[in-house]
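K.L.:
I need the structure of the sequence given here:
(chains A and B)
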There are 2 protein chains.
Amino acid sequence: MGIIVQKFGGTSVGSVERIQTVADRVIDEYHNGNKVVVVVSAMGKATDQLVSLGQGVTKNPPQRELDMLLTTGEQVTIALLSMALHQKGFEAQSFTGWQAGIKTEKVFGNSRITSIDTKKVEEALSSNKIVVVAGFQGITEDGEITTLGRGGSDTTAVALASALDAERCDIYTDVDGVYTSDPRYIERAMKLSTISYDEMLELANLGAGVLHPRAVEFAKNYSLPLEVRSSMERAKGTRIEEELEMENSLVVRGVAFEKEIIRITVFGLTNEVTGLSAIFSALALNKIDVDIIIQSQLGDGTMNLSFSIKEKDLERTLQVLHSKKESLLFDRIESEDSLAKVSIVGSGMISNPGVAAKMFDTLTRENIAIKMVSTSEIKVSVVVENNNMLAASRALHTAFELDTQNVPI
Amino acid sequence: MGIIVQKFGGTSVGSVERIQTVADRVIDEYHNGNKVVVVVSAMGKATDQLVSLGQGVTKNPPQRELDMLLTTGEQVTIALLSMALHQKGFEAQSFTGWQAGIKTEKVFGNSRITSIDTKKVEEALSSNKIVVVAGFQGITEDGEITTLGRGGSDTTAVALASALDAERCDIYTDVDGVYTSDPRYIERAMKLSTISYDEMLELANLGAGVLHPRAVEFAKNYSLPLEVRSSMERAKGTRIEEELEMENSLVVRGVAFEKEIIRITVFGLTNEVTGLSAIFSALALNKIDVDIIIQSQLGDGTMNLSFSIKEKDLERTLQVLHSKKESLLFDRIESEDSLAKVSIVGSGMISNPGVAAKMFDTLTRENIAIKMVSTSEIKVSVVVENNNMLAASRALHTAFELDTQNVPI
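P.N.:
As a prediction, this is how the structure comes out:
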């Protein structure tokens, strides 16, 4: 009998009725002869409500106390789901993060799992109980309650699945799988039946939003098969696993896009040796995420530097740079807003030269100006104007044959 | 520097504004140069809301999962109060029941504290932090979350205070102290400045409702001074401590009353030896609380037995008795409803014969029929008709000089 880990997000457990539906999905898997571990998030808007309750007390709550507050959200869900399972005649046992042995580093608000002591969960499984675990939370060596940050319940599910040597980890969400692009905007987007960890990782990082990148990374490291499925419908989802040879036939597997990008350009950096590291260390210290970085050497010994940030970080970025103008030794700064990033992803690219060229060519035909370019082994990203984002994405989706029936469903 | 434990109930922490007020009371005590441990309940109606959320899933939730659900209520409060203290510039640290080392027996829903490992709380206190502990909850030896049942936060506060060897435990409530009777009904009720543990215990058990009896018992066993105070006003409350000689001057210290009592009479019990124990074992097995018991021997070798129960238990009581009619060997059962219990309490009674006589005399002058009588060393209770309850209480309050200025305030 194998172990299956199922993860249900906030929308899937958003009401008492939905919790009953989730219980039925859990029971199905149990009836299939599997040992089942369920990881759940807080109900619907519960986390937001707790945050605003805290905001009512202070605009700047200590992160430790915020974690103390927020972890009650998942604790409510595990109790209710266990009750629903009992009501339907199944032995279920709920576990908070610390009861499930999920140890983390001592960082509040965005902690990482360091190890999992699965003893108690395994005890419950071996007495044929369904195990219900609170996602998003853990405990430090010295007994402090922590949270895992955004997408934390995905991470809990994947980490538990690998610690338990589970056969599979199913991520139930409000979409029914991973698509070649966001079907809300790209009408011809198709559901993929399989995708590799690396492709999923690039898509997750690019804001495809189905799965948290940290969870995908974890699954990849432990070769744990993931499946993204709908919590509402019974259709098959998308399986994420080690790459299969035959799948390389499709060069590009998906098109991702993300709005609200700002390009910052620093002109006339004179200190060639320490300039780059000084700038990015200062930004990192201020927790500003930098995405694409482009550096151009000028003939006169100075250089220009461009990088992209999120729109919300603009003000702080400018503050940090200006406050360091003396030591950073640059000439001036410019910023351009209302930009977007469009990326094509596919592990087939590695062995297919000319993918980037085809991308640029496609965009040029559409009269879309490319502001920045960044490439990795399985991804090419371009920065374009916000109002070109969807046109660019649709054109690329068509150009790379993602619209057609070639996509294995 | 002494340790003061403060306990704030659900009404006192019922809103974000009230939590700010509580924070101010905590800070006052801290400014007095004390180390402060605060025990809090769930916010206002939070526990009721959680219960009805659970009821939405199943009418009959497993008690373990109900405890898992309910303990989130206090966890929310400790986080918010700690945030409020931080906001006001004070270092505070919240502790769930298990973090505060509150160990209980493995009983869900109504557990008892077995020991408290105060190490972490003491660490926090010695680094001058204000400690905020979730009331009502604990952890079993094997890591299960339990709740302490009704009035559990009082018990947490008193148990923590004695484990920490605190100077005092202050119970903040929505009343400002212990009164000679319930001031909502007995207009001349006066606030007591002090009362002994035993007197408080009788009053608490009699439904005076200010303090949970279990907490009073605990405080008595450890000679821990308690004070009942208002969370809204700054007036002095009522101190509960070892009896002082001078206080014996007042024979009766309070009048308590309780509605919805039923008298059951079992006629013609023939088995004198085993009859009593058989009946009360059967009732105890069915978790029916029996209060006053009166047994009368008849000339013919049979006996009649009367006892009082709560109105809600009537149906089950009759069921239990009738189902055992064969083995219990009785003739018939009668019940009388719409009764109430009125009690006078005072440790001065021990050395004052004639207190019961004065009580009966007072009621007779008021033409109030007495249905049952029960006495202890420091208490006399009578059962009267519901609609005589308040008249009886007022008459006794006056007769025993509780109306007058004799009461030390």
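
K.L.:
beta partners for A:Lys310?
P.N.:
A:Ile261 (DSSP bridges).

K.L.:
Find me the pLDDT at it, would you?
P.N.:
Confidence per residue is given as pLDDT, and for A:Lys310 that number is 90.

K.L.:
count of neighbours near it?
P.N.:
A:Lys310 sits with 16 neighbouring residues when counted by other C-beta atoms under 10 Å in any protein chain shown. Just so you know, the C-beta spots here come from the backbone N, C-alpha and C atoms, and that holds for glycine as well.

K.L.:
Is it in contact with A:Val290, as I believe?
P.N.:
No - using C-beta atoms under 8 Å, A:Lys310 makes no contact with A:Val290, being 9.5 Å away.

K.L.:
mean confidence score for stretch A:95-110?
P.N.:
Mean pLDDT, taken over the full extent of stretch A:95-110, equals 96.

K.L.:
swap in stretch A:25-34?
P.N.:
Looking at stretch A:25-34 alone, the average pLDDT works out to 95.

K.L.:
got it, and stretch A:281-292?
P.N.:
Per-residue confidence for stretch A:281-292 averages out to 84 on the pLDDT scale.

K.L.:
Now it: buried residues?
P.N.:
Along stretch A:281-292, these residues count as buried under the neighbour rule (16 or more other C-beta atoms under 10 Å in any protein chain shown): A:Ala282, A:Leu283, A:Ile288, A:Val290, A:Asp291, A:Ile292.

K.L.:
right, and the fifth one touches A:Ile309 too?
P.N.:
Same thing as A:Asp291. Yes - look at A:Asp291 against A:Ile309 with C-beta under 8 Å: they come within range, at 7.1 Å.

K.L.:
which neighbours do these two share?
P.N.:
Shared contacts of A:Asp291 and A:Ile309, defined by C-beta atoms under 8 Å, 6 or more residues apart in numbering or on different chains, are found at A:Ile261.

K.L.:
OK, contacts around A:Ser338?
P.N.:
A:Ser338 sits next to A:Glu385, A:Asn386, A:Asn387 when contact means C-beta under 8 Å, 6+ apart.

K.L.:
With respect to chain B, which of those is nearest?
P.N.:
Chain B lies nearest to A:Asn386 out of the contacts of A:Ser338, by C-beta to the nearest C-beta, at 37.9 Å.

K.L.:
For the residue sitting furthest away from the middle of chain A, give its distance to A:Ile309.
P.N.:
Here the centre of chain A is the reference, and by C-alpha atoms, centre = their mean the most remote residue is A:Asp300, at 42.3 Å. Using C-beta to C-beta, to the nearest Å, A:Asp300 is found at 27 Å from A:Ile309.

K.L.:
Kindly report the same for A:Gly14.
P.N.:
Look at A:Gly14 and A:Ile309: by C-beta to C-beta, they are 33 Å apart.

K.L.:
Over to A:Arg394?
P.N.:
Relative to A:Ile309, A:Arg394 is positioned 26 Å away (C-beta to C-beta).

K.L.:
A:Leu160 now?
P.N.:
Counting by C-beta to C-beta, the gap from A:Leu160 to A:Ile309 is 34 Å.

K.L.:
do the same with A:Gly54
P.N.:
Here the distance between A:Gly54 and A:Ile309 works out to 28 Å (C-beta to C-beta).

K.L.:
isn't A:Val39 right up against A:Phe8?
P.N.:
Yes - using C-beta under 8 Å, A:Val39 makes contact with A:Phe8 at a distance of 7.5 Å.

K.L.:
what about these two, which has more around it?
P.N.:
Between A:Val39 and A:Phe8, counting by other C-beta under 10 Å, A:Val39 is the more crowded of the two (32 against 28).

K.L.:
Contact partners for the more buried one?
P.N.:
By C-beta under 8 Å, 6+ apart, the residues touching A:Val39 are A:Val5, A:Gln6, A:Lys7, A:Phe8, A:Val133, A:Ala134, A:Gly135, A:Ser153, A:Thr156, A:Ala157, A:Leu160.

K.L.:
Pick out whichever of those sits closest to B:Thr118.
P.N.:
Among the contacts of A:Val39, A:Ala134 lies closest to B:Thr118 (C-beta to C-beta), at 27.1 Å.

K.L.:
what pLDDT does that closest one get?
P.N.:
The predicted local confidence for A:Ala134 comes out at a pLDDT of 98.

K.L.:
what's the answer for A:Asp403, then?
P.N.:
Per the predicted model, pLDDT is 86 at A:Asp403.

K.L.:
And the next helix or strand past the longest helix along chain A?
P.N.:
Longest helix in chain A by number of residues, with DSSP state H as the criterion: helix A:63-87. Following helix A:63-87 in sequence order, the next helix or strand is strand A:92-95 (DSSP states H and E).

K.L.:
now the buried residues of stretch A:281-292 in TSV, with distance to B:Thr114 and secondary structure?
P.N.:
As requested, the buried residues of stretch A:281-292 are exported to TSV (distance: C-beta to C-beta, whole Å; DSSP: H, G, I helix; E, B strand; the rest coil):
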residue	distance to B:Thr114	secondary structure
A:Ala282	54	helix
A:Leu283	53	helix
A:Ile288	51	coil
A:Val290	54	strand
A:Asp291	55	strand
A:Ile292	60	strand
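
K.L.:
Between those residues, which sits nearest chain B?
P.N.:
For the buried residues of stretch A:281-292, the closest approach to chain B (C-beta to the nearest C-beta) belongs to A:Ile288, at 25.8 Å.

K.L.:
Does the closest one touch A:Thr317 like I think?
P.N.:
Yes - under the criterion of C-beta under 8 Å, A:Ile288 lies in contact with A:Thr317, with a separation of 5.5 Å.

K.L.:
what touches both of those two?
P.N.:
With contacts taken as C-beta under 8 Å, 6+ apart, A:Ile288 and A:Thr317 have A:Ile309 as neighbours in common.
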